[in-house]
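*Asks:* Next comes the sequence, and after it the predicted model I'd like to discuss.
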Amino acid sequence: MTQKEQKKKENTPFNFESSLNELEKLVDALENGDLSLEQSLQDFERGINLTRACQSALTDAQQKVQILLNEDSQPSLEDYTGGDK
């Protein structure tokens with residue numbers, strides 16, 4: 001990937017699915033071992049950045065889900081019927 005392509009990707013909004021797809025492609029390329037050392041290091045660095053971004057997005061989503069679940073689990077008030085024994 002050229003620096004111009006890299007800059008363009010950095011300026012676009014984060015998309016989890018496309019980032020995950022790119023990460024999978026980078027892993028495949030690195031596993032094949034056909035890349036130069038320089039390209040392998042660049043791809044590895046890009047992969048680390050994508051992994052961190054995806055982890056951050058997952059953490060944010062998990063927090064949002066937890067907040068929504070907590071809002072739904074608020075106890076509702078019921079009439080007290082007394083302690084009839």
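*Replies:* Yes, it's here.
*Asks:* so where do the strands sit in this protein?
*Replies:* Taking DSSP state E as the test, none of the chain falls into strands.
*Asks:* for it, longest helix please?
*Replies:* In the chain, with assignment by DSSP state H, the single longest helix is helix 37-72.
*Asks:* which other helices and strands contact that helix?
*Replies:* Contacts defined by 3 or more C-beta pairs under 8 Å, 6 or more residues apart in numbering; DSSP states H and E place helix 37-72 against helix 16-32. (Each C-beta comes from the backbone N, C-alpha and C, glycine too.)
*Asks:* Now do the same contact list for L50.
*Replies:* Shown in contact with L50 (C-beta atoms under 8 Å, 6 or more residues apart in numbering): S19, L20, E22, L23, L26.
*Asks:* what sits against the closest residue to the second one other than its chain neighbours?
*Replies:* Read that as L20. Residue nearest to L20 in three dimensions, not counting chain neighbours: C54, with 6.1 Å by C-beta to C-beta, 6 or more residues apart in numbering. Shown here is C54, whose contacts under the criterion C-beta under 8 Å, 6+ apart are F16, S19, L20, L23.
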